[in-house]
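Asks: after the sequence you'll find the predicted model.
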Amino acid sequence: MVRKAKRTQPKKRKRITRKTARKKPGLLRRLLRLVVLLVGISIGLGLPWVIWLDVQVRNEFEGRKWDVPSRVYARPLSLYAGQQLSRDALLFELEAAGYRQANRASEPGMFSARGGDFEINRRGFVFEDGPQPALRFSLRIGAEAVTSIQSSSGSGDMGLVRLDPAEIASIYPLHDEDRTLVALGDVPELLVTGLQAVEDRQFKHHHGVVLRGIARALVANLKAGRAVQGGSTLTQQLVKNYFLSNERTLVRKVNEAIMAVLLEVHYDKAEILEAYVNEVFLGQQGKHAIHGFGRASEFYFDRPLRDLESQQVALLVGMVRGASFYNPRRNPQRARQRRDQVLDIFADTGLLSIAEVKKAKRRPLGVTAQTRSGTSRYPAFLDLVRRQLHRDYRAEDLSNEGLKIFTTLAPSAQEYAQRALTGGLLDLQQRGLPKDLQAALVLADVASGEVRALVGDRVQGRNGFNRALDARRQIGSVIKPLVYLAALEHSGDYNLLTPVRDEPVSLRQPDGSLWSPANYDKKSHGELALLDALVNSYNQATVKLGLNVGVANIIRKIKQLGVDAEVPAVPATLLGAVELTPIEVTQIFQSLAAGGYTSPLRSVTAVLTPRGELLSRYPLRMMPLDNREAIAVLNYALTRVVEDGTAKNLHGLLGNDTVIAGKTGTTNERRDSWFVGYTRDRVAVSWVGLDDNRPAGVTGSNAAMRVWAGLFRQLPIEPIDLDMPDGAGYLWVNKQQRALTDPACPDAVQIPFINGSEPDRQTRCMQKKQDRDKKSLWRKWFEDKD
Amino acid sequence: MKTKISMAGALLPLLLASCSSMSPAPVEDREVTTRVRAPASQDSAGVQVYSLQNPAVKQLTAQARNAERAGDFDQAGSYLERALRIQPRDPQLLQHMAEIKLQEEDYLQALSFATRSYDIGPRVGEICSRNWRTISVAKEHLDDPKGATDAETRAGQCMNTRPKGL
């Protein structure tokens, strides 16, 4: 306000002096009175106006200035001797956490690696359980496992070292806005100086507006008959960005100018420039505006601002004048002209040498074809994080600025998952399957339900349809374990050896049509054991069994195992005419893999305020189901699927014979391919199919299982614990005779039974042996007496 | 005698709640000690089946114990969670977590963790007794007196050794 008044008064006085030179002194007094009156009026009316503008612009500036995004962190990597971890995975984890490799780990954030010998200089970090100081330590990694961890200060073996976590994104939990804020210190010098050279050379010296600039623009615009030149300072442009509007009225211009001056009164140049760099409009992605150079750099070049080359800086600086007019993806020629023009200005102002500019001009635009979601390599996982934050936290908590959000993502596992999926689909393409196949993959910890990796698209980082969360597809034979589980729960009627008939069935559907499911091999297999019907995934036997157990019972299983979904109560449900998403299927099998302990799948573990206070922790929870014996027996059956059933190629694909459980799934006309599998500690679900639900030529074992195996080839595989809980146990049986037997008898195998469900018959061999044993016992008794 | 114990059991949470803003009750006076750990230790008379713990888990367990002593159950739970990420199927860790949940008065979760610990644990000896005693206390608080009594009976049977899974 003060400056404004000062600026206008001398101007008026000038005019007055010119006039008074010609007029008589009597007039001077009258004019002076007029001037005082005018000044009085303008102060009277103008002051409140200016004050109002001041409040507006300061609110906006302060609001944005402190609009710090929330940082999202991966799970921190804990290192300890004996841990299963490959060298490759460790290198990936270090890279994801922003560690730089060097010859010596001399500073926090650096590491050195020679073969399996690492030295890591850990950064300090504030965790939800308190601050953790920087630490330099050495670590040796042998064949796929950490063999020792030692402090570099010579204090010997260390039990446990937790690295600071990888920052995987910065988000605004409440709005759907992507912004990558940058501090002025992190902005490349060329951008800071180049921006001023092109847009506002007086920036360092002016007070918000440059009158000469406005005048020049006015003349140019008058000459051209339309607005061709802005003549706005960076400060004015910033104000304009705050109150985005294309209106070009004089009032608006004046307001902007006044607000620009006000900003300069309140804030220093660096603050204004930093705000500008983060605010300027640089493009549009769907319904999201791209604001700021940090975000634009990722959007157009898929790399952080600090890594841009000079021609890329020039392009972004050039786009300030018209982000859509010079859009390098839509108008590459125009954008290139503008870029080269800016490069010339860089040369003229001495920011770059002539040679540098020549070289830069020869470079292509370098804009990526795909637009990444932006702030993260892991948009699909972040989707889950956002949804769970909205589900579990109050909006007023999330509106806190600068939250620290701790998640469960394992960067190395996520990388392996994406590679397995992308690579797997390319491989399938080469085997003649459609090239537009899509897929999803979810990996979680069995015991905790913590989601370690989530892939929703074959293209890494593409932020579009997230199939892992949103592709609702028929699950096919993946439902069968629930049919058999429901049967096994009726332990008076069923055990794994109970005979079921695999023979043609015809059922009247609710719509009146006849439903006659066939088996995958188009044959019927007659009477066989329940176990074999599941292991070979026979449809007709499953339908017969499911009808006896009751469709409603099977639908109840879905809910009981943790998924609330609308499922039609029709016979076709027994063969998986049920639409579920990959993450829902993962939840069901987490419950099974954990032996009947449901832990809700979660991606967020804690949220911390910027001051380091715990906003809330999301503790580990589990709910025991009351059919754990049946689940344990079922888990055994699902290991047989991998040993000698529909998934028997899995060991070959993995190059590993460890006992694990799995189930394949295929839907009608080969539209969907599913594979669900779990080791002792990890459960994963993969789906492959076409987005438009056309037949894709896929089966559970030819497509989804390959993707699954691609992931687990890179992960430690622990054998499943097949110990039975109380109330169930293993018995020696002869499967063909469905009878108890002695381990010494022919064809004796061990199979788990719920107590009371075991066969009541014994093999003849067993009876004979028992008689012999009885006799020998008597003999022994008598012999002892002798 | 029996009534005395359950009286103490009923009063203790109240007592704990009333002094929650002050320093926490000493561990030896808490329900978890009087009704779970001490009697289990008496039952077992030296029969203990401990799984081997790696140094990382040992370290976190020690930290959890310190936090527990100081009455910071949230922190203790957080340490145990970290340990469980390393050894998700360690019955000792699961039972320790159950006892933390008991002190947090989160009886449903206390019940869950103790049951899980029993399921995958040795089902014999001191830890078995702690499993069932925790289940008993939790069920009592969850208004299941019959379940509580049954569980207490099971605790008494933990010394009848019997091979797991058969």
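Replies: Cool, got the structure.

Asks: how many neighbours does residue A:529 have?
Replies: 19 (other C-beta atoms under 10 Å in any protein chain shown). Every residue, glycine included, has its C-beta placed from N, CA and C.

Asks: around chain B, pick out the residues from the stretch 351-500 of chain A.
Replies: A:445-448, A:450 (C-beta under 8 Å from any C-beta of the partner chain).

Asks: pull the most distant pair out of these.
Replies: Spanning the widest gap among those are A:446 and A:450, at 9.7 Å by C-beta to C-beta.

Asks: leaving out the residues flanking it, which one is nearest to the most centrally placed residue in chain B?
Replies: Geometric centre of chain B, nearest residue: residue B:99, 3.3 Å, by C-alpha atoms, centre = their mean. Closest residue to residue B:99 apart from its sequence neighbours, by C-beta to C-beta, 6 or more residues apart in numbering or on different chains: residue B:32 at 4.9 Å.

Asks: ok, residue A:117 next?
Replies: Nearest one to residue A:117, counting by C-beta to C-beta, 6+ apart, is residue A:140 at 5.6 Å.

Asks: pull the CA atoms of the helix or strand harbouring that neighbour into PDB?
Replies: Using DSSP states H and E, residue A:140 falls within strand A:135-141. Coordinates of each C-alpha in strand A:135-141 appear next as PDB, following Å, rounded to 0.1, in the frame of the first residue of the first chain:
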ATOM      1  CA  LEU A 135      24.900 -46.000  11.700                       C
ATOM      2  CA  ARG A 136      27.700 -47.400   9.700                       C
ATOM      3  CA  PHE A 137      27.900 -51.100   9.500                       C
ATOM      4  CA  SER A 138      29.200 -53.900   7.400                       C
ATOM      5  CA  LEU A 139      27.200 -56.900   6.200                       C
ATOM      6  CA  ARG A 140      28.100 -60.100   4.500                       C
ATOM      7  CA  ILE A 141      25.700 -61.900   2.200                       C
END
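
Asks: export the residues of the stretch 351-500 of chain A next to chain B to TSV and tack on neighbour count and secondary structure?
Replies: Formatted as TSV, these follow (neighbours: other C-beta atoms under 10 Å in any protein chain shown; DSSP: H, G, I helix; E, B strand; the rest coil):
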residue	neighbour count	secondary structure
A:445	24	strand
A:446	25	coil
A:447	27	coil
A:448	23	coil
A:450	25	strand
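
Asks: my guess is the residue nearest to residue A:117 meets residue A:148, correct?
Replies: Yes - assessed by C-beta atoms under 8 Å, residue A:140 is found in contact with residue A:148 at 4.9 Å.

Asks: which neighbours do those two share?
Replies: With contacts taken as C-beta atoms under 8 Å, 6 or more residues apart in numbering or on different chains, residue A:140 and residue A:148 have no neighbour in common.

Asks: what does stretch A:732-750 rub up against?
Replies: A:497, A:499, A:529, A:531, A:730-731, A:751, A:758-759, A:761-763, A:765-766, A:769-770.

Asks: look up the closest residue to residue B:113, ignoring the ones flanking it.
Replies: residue B:98 (3.6 Å).

Asks: so which other helices or strands are in contact with the helix or strand hosting that neighbour?
Replies: Per DSSP H and E: residue B:98 is located in helix B:91-103. Helices and strands in packing contact with helix B:91-103 are listed as helix B:55-69, helix B:73-86, helix B:107-120, helix B:125-141; criterion 3 or more C-beta pairs under 8 Å, 6 or more residues apart in numbering or on different chains; DSSP states H and E.

Asks: out of these, which gets nearest to residue A:684?
Replies: Once the helices and strands packed on helix B:91-103 are compared by C-beta to C-beta, helix B:73-86 is nearest, at 17.3 Å.

Asks: what's opposite residue A:122 in the beta bridge?
Replies: Beta bridges link residue A:122 to residue A:135 when assigned by DSSP bridges.

Asks: report the contact partners of it.
Replies: Here residue A:122 is in contact with A:108, A:134-137, A:161, A:163-164 (C-beta under 8 Å, 6+ apart).

Asks: if you set the cut-off to 10 Å instead, what comes out?
Replies: By C-beta atoms under 10 Å, 6 or more residues apart in numbering or on different chains, the contact list for residue A:122 reads A:79, A:97, A:99, A:105, A:108-111, A:132-137, A:161-164.

Asks: what touches both of residue A:446 and residue A:450?
Replies: A:590, A:599.

Asks: quick one: the nearest residue to residue A:109 once chain neighbours are set aside from residue A:589, how far?
Replies: If the residues on either side of it in the chain are set aside, residue A:109 comes closest to residue A:123, at 5.2 Å by C-beta to C-beta, 6+ apart. Distance, residue A:123 to residue A:589, using C-beta to C-beta, to the nearest Å: 37 Å.

Asks: which of these two has more residues huddled nearby?
Replies: residue A:589 (26 against 18).

Asks: against chain B, how distant is the more buried one?
Replies: To chain B, residue A:589 is 16 Å away according to C-beta to the nearest C-beta, to the nearest Å.

Asks: average pLDDT for whichever strand or helix holds residue A:480?
Replies: Residue A:480 is part of helix A:480-489, with elements assigned from DSSP H and E. For helix A:480-489, mean pLDDT is 97.

Asks: returning to what we had before: got the phi and psi for the residue nearest to residue B:99?
Replies: phi -60, psi -30 (degrees, to the nearest 10).

Asks: quick one: contacts for it?
Replies: Contacts of residue B:32 (C-beta under 10 Å, 6+ apart): B:12, B:38, B:68, B:98-103, B:110, B:130, B:133-134, B:137.

Asks: PyMOL command to pick out the buried ones of these?
Replies: Selecting only the buried entries of the contacts of residue B:32 in PyMOL, with 16 or more other C-beta atoms under 10 Å in any protein chain shown as the criterion:
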select buried, chain B and resi 12+68+98+99+100+101+102+103+110+130+133+134+137
